Each structure stands twice: as structure tokens, then as C-alpha cells.
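[1] show me the folded form of this:
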Amino acid sequence: MTRFCVQATWDDVPHLDEKTKAELIAGMPPHMRDARTKGIPMLGAGAIYPIPEEAIVVEPFDLPKWWPRAYALDVGWNRTAALWGAWERESDIVYLYSEHYVGQSPPAVHSAAISARGVWITGAIDPAAAGANQKDGTRLIEEYRALGLRLVEADNAVESGIHACYQRFSTGRLKVFSTLRNFRAEYRIYRRDEKGKIVKENDHLMDCCKYLINTGMRHASVEPSEEEDGKDVSAWRTRSKVTGY
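    This is a model prediction of the structure:
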């Protein structure tokens, strides 16, 4: 028996006028639009976030200073990654706007790069960093704190973190700056194997995304004004602490 596949877009369906198409696409989840309008199969069953990149990527823009910010940190010798987010509270949209992606460097190198983006920003760190460094037994989280980073331990519940990110991606409430090249590369291959387990390869920024959404944004704060620079950090953090995330 011979089998063949025909791919058709809805432009090949003459009874759909432009008004009807606009109404239909407005009611479609972003991750289903290519399949329903262009006949392009959805990403494989193994894709963790089966949502097209173009649905989540935006061009960079100047972030208002009053938008609260936070970051997440995933540490390791082969790769240390960090991911920053800014929260537009009115629309409840989190914009991922910066990334750090460097391997085989000591904590001092990473902490300098992170501090350069705003030493006042709180980060949610992989809780595994609270364990021992294989090299010398030092607790990495304490080492990074000693280097000036303000850190909280992240909730690393895997499935709830993925669900929280997916909910935001699919409803347009989690956007990614187009300049985040490494994030986008990981996003494309973030998948499950045939047994349903997450493939733990090249997923450092994907882990950061979970830490940021599940924990980091709860500790997001706005940039302190010039007169507050140099004052006790806890004072301005108390005044600017975001609630209701």
C-alpha cells in the first residue's frame, strides 16, 4: 500500500475569508497556530515547550526603571549560567532580557559579570550550590555571597517549574529578548526522551528559567534611586519589595 502526505495551509481553503481567519487565529493558543494555519506539524511529542520561538521572542527595548527585576543562577564548572527577568506588573508579563553563559571559570569571574548588571538585584540560585564544591569542599552559595551577590535558594521542583513557565509562555506572559542567543538555542532542544524523562543536556538556562519564575520573581525589586545608593540595602529593599507575584 502506498502512503503519502499532503501539506495544505488554510490559504488553500477557499471558504475561509480574511475576517474569519483573524477571528480563528485570535482564539488559538500560540503553540497551535503553525499547525492549524500552515499545516506544519507541531514540535515532536518530546518537546517540553511546544511553542514556536516567534510566539515568545521580542526585540529588545529600554526597560523602565520601575519594573522589578531578579535573576536566576545555575552553577557548574563546565557551564555557569544566569538569566535576568523584568516584570511588567500591569500586564503580568515577565521579560527575559539578559543572560550569562560561561564555562570553566572561577566564581569571581561569574560574580563580576553578574554584579555588572546590577548589584542590587536578587538572584535565585540552584540549591545544589549549597552543597560541597568537589574541589575544596567550599559551599558555593556562601562563596558567591561573600563576593557580593544577594542570593536566595531556588525552589527546584522540576515539574511545577516547567508547568509555571509553560503557562506563561503559552499565554503570552513570558517573553524573551531576541538577543538571548544561548537561551533560544537551549529552548529549541529542551525535550523529553522516549520514557518521558527530561534530557539533561544543554539545559542550564532552561533550569534558570524555572528558578526565576518559581522563586526569583517573588524577590524582584526595583532599582534604588541615587539617594538610596550606599544606604543600608535592607531598608530600600523593604520599601521596594514586590508583593502579589
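[2] helices along this protein, start to end?
    Remark: helices assigned in the chain by DSSP state H are 18-26, 33-38, 53-56, 107-115, 140-146, 158-170, 181-189, 204-214, 233-240.
[3] now Ile125: how far from Val199?
    In this view, Ile125 and Val199 are 23 Å apart by C-beta to C-beta, to the nearest Å. The way it works is simple: take the backbone N, C-alpha and C, and place the C-beta from them, glycine included.
[4] quick one, which of the two is more surrounded?
    Between Ile125 and Val199, Ile125 has the larger neighbour count (other C-beta atoms under 10 Å), namely 27 against 13.
[5] show me what contacts the more buried one?
    Ala72, Leu73, Asp74, Val75, Ile141, Tyr144, Leu151, Val152, Glu153, Ala154, Tyr211 (C-beta atoms under 8 Å, 6 or more residues apart in numbering).
[6] re the thing from before, just name the most buried of the helices of the chain.
    helix 204-214 (a mean of 27; mean count of other C-beta atoms under 10 Å).
[7] list the contacts of it.
    48, 70-74, 76, 79-83, 85, 94, 96, 99, 101, 124-126, 154-158, 160-162, 164-165, 168, 174, 180, 182-183, 186-187, 190.
[8] just want the angle from that helix to helix 158-170.
    When axes from the mean of the first three to the mean of the last three C-alpha atoms, to 10 degrees is applied, the directions of helix 204-214 and helix 158-170 differ by 80 degrees.
[9] just the residues contacting stretch 11-20, thanks.
    By C-beta under 8 Å, 6+ apart, stretch 11-20 touches Trp10, Leu24.
[10] what mean pLDDT does it get?
    The average pLDDT within stretch 11-20 is 80.
[11] what comes up buried for that stretch?
    For stretch 11-20, the neighbour count (16 or more other C-beta atoms under 10 Å) marks no residue as buried.
[12] how far off centre is it?
    36 Å (C-alpha atoms, centre = their mean, to the nearest Å).
[13] end to end, how far does that stretch reach?
    12 Å (C-alpha to C-alpha, to the nearest Å).
[14] domains of this structure?
    12-42, 54-240 (automatic domain parsing).
[15] what pLDDT does the model give the residue nearest to Thr80 when sequence neighbours are not counted?
    Closest residue to Thr80 apart from its sequence neighbours, by C-beta to C-beta, 6 or more residues apart in numbering: His110 at 5.0 Å. At His110, the model reports a pLDDT of 96.
[16] measure His110 to Val152 for me?
    17 Å.
[17] do Met206 as well
    20 Å.
[18] and for Val176?
    In terms of C-beta to C-beta, Val176 sits 23 Å off from Val152.
[19] neighbour-wise, which of the two wins?
    Between Val176 and Val152, counted using other C-beta under 10 Å, the more crowded position is Val176 (22 against 17).
[20] surely the more buried one touches Ala55?
    No - with contact defined as C-beta atoms under 8 Å, Val176 does not reach Ala55; the gap is 10.1 Å.
[21] phi, psi of the residue nearest to Ile93 when sequence neighbours are not counted?
    In space, and not counting its chain neighbours, Ile93 is closest to Arg173: 5.1 Å by C-beta to C-beta, 6+ apart. Backbone geometry at Arg173, expressed as degrees, to the nearest 10, gives phi -110, psi 10.
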